[in-house]
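**Student:** Okay, sequence plus prediction incoming.
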Amino acid sequence: MDGNELHAATKAVHGPSREGKPSGPVVAPIVQSATFQAASLDEQSRVRAGDEFYTRYGNPTLAEAETAIAALESTDGAMVFGSGMAAITAAVLSVVRSGDHIVAQRNLYGSAYEFFAHWLPRLGVQTSFVAAAEPEEFARAIRPETKLLYIESPSNPTLEIVDIRATAEIAKRHELLAFIDSTFASPVNQTPKTLGMDVIIHSATKFLGGHSDIICGAVAADMDFLTRLRETRIVLGGILDPHAAWLLRRGIKTLSVRVARQNENALHLAHFLEGHARVRRVYYPFLESHPQHVLAKTQMSGGGGVLSFEVDGTAEDTGTVVESLKLFALAPSLGGVESLVTIPALTSHAMLSIEERRLLGVTDQLIRVSVGIEHANDLVADLDQGLSHISVRS
């Protein structure tokens with residue numbers, strides 16, 4: 001059976017095609033070794049390019065996770081990293097050098113925005129930020145020195161949807177690389193490669209890992225790009241530990257069933273919050289009220305396990321709500337089996353200025369919810385009692 005014919009749920013468990021059914025353990029072992037012995041200098045020179053030389057260069061356990069991610073994203077291969085930000089920074093630095101230029105959407109994860117806006121300029125690389133709701137904004141911002149377009153869809157934390165296919169076509173037209181952070185969607189809800197993206201990035205800490213117990217990142221792409229990326233990873237050293245890679249691979253096996261439940265729960269909660277008197281606005285792409293609902297439905301099979309909402313009240317009211325919740329843990333991150341809440345202005349986007357947060361739509365009243373796999377009615381009841389601690393505005 002051709003691995004490309006398999007459904008995502010099957011790829012998550014088995015990786016690519018299992019044709020031939022090789023003998024050995026059903027669960028691949030953890031190769032917890034920093035270095036690998038060679039029988040001769042000739043052999044050592046050959047294995048240097050593989051996964052059995054030195055773990056900063058690669059490792060069989062990392063390769064297991066990378067193969068599974070590549071199968072899910074329908075790319076030639078993938079590489080894992082010690083964090084999502086390690087994946088983002090290594091991928092970008094594999095392409096740009098002093099004097100180059102990037103076009104990125106304005107609504108990005110806080111640390112990614114910080115990297116583009118404040119760190120890359122130290123290396124002589126400039127970024128133009130555009131409103132991504134209109135793809136042609138990317139085209140208008142392109143310069144002769146532009147090397148890549150960078151998007152995040154859905155975006156963190158306001159769930160903005162970018163037209164992936166249109167953005168990829170603009171990049172191709174101008175002979176640029178098209179990057180996407182697809183963390184919020186996961187490979188279950190969205191496959192950017194089929195829509196024309198060149199480089200797909202994940203904070204694998206989130207849905208891919210799925211249990212809030214590892215920090216890791218991943219990049220999926222074609223082999224030409226991965227060859228460049230491997231050299232960057234070797235030099236910068238953002239490698240993933242083999243045990244964490246083993247946990248990542250285990251988490252991926254249940255990805256499809258977890259995300260399906262999170263999709264259902266998140267939509268249920270979004271409808272509840274949209275009708276609540278103490279909620280000003282709800283951000284969730286599969287709500288019909290979302291300004292890009294139609295676009296979301298065309299490029300996503302599910303709305304994802306994250307939503308955000310604005311409390312109709314003060315910053316103090318917002319703090320009261322999150323501190324009153326019983327089932328939702330007050331914690332950053334997302335994508336795990338347990339439900340979490342955070343106030344992005346105090347966590348994921350706290351490093352940005354008030355003006356930068358305003359431009360990104362990150363208000364002091366915004367709460368981001370990572371929806372877990374608990375029973376939806378229990379989660380609704382907890383949100384309801386939390387919101388009951390503030391008074392309705394007249």
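**Tutor:** Alright, I've got the coordinates.
**Student:** which element follows the one helix or strand in the chain whose mean pLDDT sits lowest toward the C-terminus?
**Tutor:** Sorting the helices and strands of the chain by mean pLDDT, DSSP states H and E puts helix 354-360 at the bottom, at a mean of 84. Scanning forward in sequence from helix 354-360 by DSSP states H and E, the next helix or strand is strand 366-370.
**Student:** For that following strand, which strands pair with it and how are they oriented?
**Tutor:** Strand 366-370 has the following strand partners under DSSP bridges: strand 306-311 (antiparallel), strand 340-342 (antiparallel).
**Student:** Pick the most buried one from these.
**Tutor:** strand 306-311 (a mean of 24; mean count of other C-beta atoms under 10 Å). (Glycine included, C-beta is placed from N, CA and C.)
**Student:** Using CSV, list the CA coordinates for that one.
**Tutor:** Included here for strand 306-311 are C-alpha records, laid out as CSV according to Å, rounded to 0.1, in the frame of the first residue of the first chain:
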residue,chain,number,x,y,z
VAL,A,306,-7.8,26.7,20.6
LEU,A,307,-10.2,29.7,20.9
SER,A,308,-9.9,33.1,22.4
PHE,A,309,-12.5,35.5,23.9
GLU,A,310,-12.7,38.9,25.3
VAL,A,311,-14.3,39.5,28.6
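**Student:** residues near the closest residue to Leu236 other than its chain neighbours, how many?
**Tutor:** Leaving out its chain neighbours, the residue that sits closest to Leu236 by C-beta to C-beta, 6 or more residues apart in numbering is Ala90, at 5.7 Å. By the criterion of other C-beta atoms under 10 Å, Ala90 has 26 neighbours.
**Student:** cool, Ser324 as well?
**Tutor:** Neighbours around Ser324, by other C-beta under 10 Å: 16.
**Student:** end to end, how far does stretch 303-313 reach?
**Tutor:** 27 Å (C-alpha to C-alpha, to the nearest Å).
**Student:** starting at the chain centroid, how far to it?
**Tutor:** How far stretch 303-313 lies from its chain's middle: 18 Å, per C-alpha atoms, centre = their mean, to the nearest Å.
**Student:** Stretch 37-53 too?
**Tutor:** That offset, for stretch 37-53, works out to 34 Å (C-alpha atoms, centre = their mean).
**Student:** helix/strand/coil for Tyr150?
**Tutor:** Put simply, Tyr150 is strand when judged by DSSP: H, G, I helix; E, B strand; the rest coil.
**Student:** Need the three-state assignment for the closest residue to it other than its chain neighbours.
**Tutor:** Using C-beta to C-beta, 6+ apart and skipping residues adjacent in sequence, the residue nearest Tyr150 is Ala104, 4.1 Å away. Classification of Ala104 by three-state DSSP places it in strand.
**Student:** Any figure for the gap between Gly84 and Gly335?
**Tutor:** Using C-beta to C-beta, to the nearest Å, Gly84 is found at 11 Å from Gly335.
**Student:** Show me the common contact partners of those two, please.
**Tutor:** By C-beta atoms under 8 Å, 6 or more residues apart in numbering, Gly84 and Gly335 have these common neighbours: 183, 205-206.
**Student:** that older thread, with mean pLDDT as extra columns, can I get the strands paired with strand 366-370 in JSON lines?
**Tutor:** Formatted as JSON lines, the strands paired with strand 366-370 follow (pLDDT from 0 to 100):
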{"stretch": "strand 306-311", "mean pLDDT": "98"}
{"stretch": "strand 340-342", "mean pLDDT": "97"}
